[in-house]
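Visitor: can't give you the sequence, but here's the structure:
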Ligand SMILES: Nc1ncnc2c1ncn2[C@@H]1O[C@H](COP(=O)(O)OP(=O)(O)OP(=O)(O)O)[C@@H](O)[C@H]1O
Ligand SMILES: [Mg+2]
């Protein structure tokens, strides 16, 4: 704009002083100056590409016939690129929601002849959404090793790296004051995603309690755990009741300290309960025992947050007949691995997410460990979990065991 203004003023003055024959010369001087001036050249190029893309985008939206965007398309404000493909910043018109764009994903992918179209809402502006026209499979390459592998120790209160998202960014989250429920079809990768065990094991101040319905999934962590129980129902109930006793004592200690919740600086450790194959305990043939298990677990989930109790549970299909909704609803964080149906995906993520375009049934079965995580932020995030093979688990567990032993010696 400044350039155009300067040009108009300069031509007017020059034409007035030296006559109209100099005007065409000035046009050429202006064109050469604009081409030679790097920032102006780049801005002009960005303007042309935004303009061109806007036309294609509006045409694509119009062809879907899906309102409101068919007649009121979002404004294209910037076009750039990322490792995945073209990245476009959009501003949706007033009265529309950026979430509604997710439902047009497949229409737009077909219109632009790309592999997939991804949307990410701005964290600061409700009208802004970034659209990525993804040209390649973001999860097609080998994942980097789990960032906590090789760590000397870790603090459980820090964000735990869970996996890598479509842009290749590490997705991390702290589980302090949050319970996490994982679900998916057999072999989708729920047990592998119980990485949280390693993060808790590496913190000598966190107490780790393991319930392993299959006996072999969490067995390698038993050396770092304060409690480890297999499919034995009585032992499992015993472990939960012990934890419940610890929780009640914890509230008495908090009252004495004049605190409302656990803080490790007060010398009160986090109590982390990790359960694989939750359904096995909840659907045990001994109905009385299963009911008792569910009761104590519900008590821990409902009252454990302020007492520093964190529950992470994995199961194949947490539908109401397997995990009662009164238990399921107490898990604030949800992680859905590949599911057979959209309904199964919704039972894990919460109802309505499949209609919004977030369904774990759309995940390719070939990519193990791929899922949708609903944690901080408005919408679920697609990510592939870091993978720990048996040798990696062994290494982290040995390291965690050593850290815990040294901490105990120092404390003794
Ligand atoms: N993120 C991942 N990256 C690579 N491979 C993975 C990943 N997650 C899981 N796998 C592979 O998939 C296989 C199944 O994983 P896992 O045991 O976690 O599945 P599951 O869903 O718990 O199975 P089940 O429902 O039978 O208990 C594992 O042998 C593992 O090698
Ligand atoms: Mg499993």
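Guide: Done, it's in. Here the structure is a predicted model, which means the values were calculated and not measured. Numbering: from 1, shown residues only. Ligands and ions are numbered 1, 2, ... in the order given.

Visitor: Show me what residue of the stretch 1-150 of the chain gets nearest to ligand 1.
Guide: Closest contact between the stretch 1-150 of the chain and ligand 1, by CB to the nearest ligand atom, is at residue 143 (6.3 Å). C-beta: built from backbone N, CA, C; applies to glycine.

Visitor: Surely that residue touches residue 386?
Guide: Yes - using CB atoms under 8 Å, residue 143 is in contact with residue 386, at 6.0 Å.

Visitor: Disregarding residues adjacent in the polypeptide, which is nearest to residue 157?
Guide: Spatially, and ignoring its direct neighbours in sequence, residue 157 is nearest to residue 176 (5.1 Å; CB to CB, 6 or more residues apart in numbering).

Visitor: one step back: which residues sit in contact with the residue of the stretch 1-150 of the chain closest to ligand 1?
Guide: Applying CB atoms under 8 Å, 6 or more residues apart in numbering, we find residue 143 in contact with 163-164, 384, 386-387.

Visitor: picking that back up, what are the neighbouring residues in contact with the residue nearest to residue 157?
Guide: Contacts of residue 176 by CB under 8 Å, 6+ apart are 156-157, 270, 308, 310.

Visitor: any idea which element residue 393 lies in?
Guide: helix 390-411 (DSSP states H and E).

Visitor: ah, wrong one, I meant residue 198
Guide: Here residue 198 is assigned to helix 196-201, by DSSP H and E.

Visitor: now swap in residue 178 and tell me
Guide: Using DSSP H and E, residue 178 falls outside every helix and strand.

Visitor: Just the buried ones from the contacts of residue 176?
Guide: 156-157, 270, 308, 310 (16 or more other CB atoms under 10 Å).

Visitor: can you pull the pLDDT of residue 263?
Guide: In this model, residue 263 is scored at 81, pLDDT.

Visitor: And residue 365, by the same measure?
Guide: 85.

Visitor: how about it, what does it touch?
Guide: Counting by CB under 8 Å, 6+ apart, residue 365 touches 188, 338.

Visitor: from the chain's centre, how far out does the longest helix anywhere in the chain sit?
Guide: Counting residues, the longest helix found in the chain (DSSP state H) is helix 38-64. The chain centre lies 31 Å from the centre of helix 38-64; the measure is CA atoms, centre = their mean, to the nearest Å.

Visitor: what about the helices in the stretch 51-200 of the chain?
Guide: Remark: helices assigned in the stretch 51-200 of the chain by DSSP state H, counting those that start in this stretch are 105-112, 196-201.

Visitor: next structured bit after the shortest one?
Guide: Right, helix 196-201. That would be, after helix 196-201 and using DSSP H and E, strand 207-212.

Visitor: I'd like the average pLDDT over stretch 26-35.
Guide: Averaging pLDDT along stretch 26-35 yields 74.

Visitor: residues of it that come out buried?
Guide: Buried-residue list, stretch 26-35, by 16+ other CB under 10 Å: residue 30.

Visitor: any residue of the helix holding residue 393 up close to ligand 1?
Guide: No - on the criterion CB under 6 Å from any ligand atom, helix 390-411 is out of touch with ligand 1, staying 9.1 Å away.

Visitor: Give the buried residues for that helix.
Guide: Buried residues in helix 390-411, defined by neighbour count with 16+ other CB under 10 Å: 392-393, 396-397, 399-401, 403-404.

Visitor: Find the residues that touch each one of residue 143 and residue 386.
Guide: If you check residue 143 and residue 386 against CB under 8 Å, 6+ apart, the residues they both contact are 163-164.

Visitor: ok so, going back, which one of the contacts of residue 176 is nearest residue 214?
Guide: residue 310 (21.4 Å; CB to CB).

Visitor: And that closest one, how far from residue 274?
Guide: 9 Å (CB to CB, to the nearest Å).

Visitor: With that, I have no additional questions.
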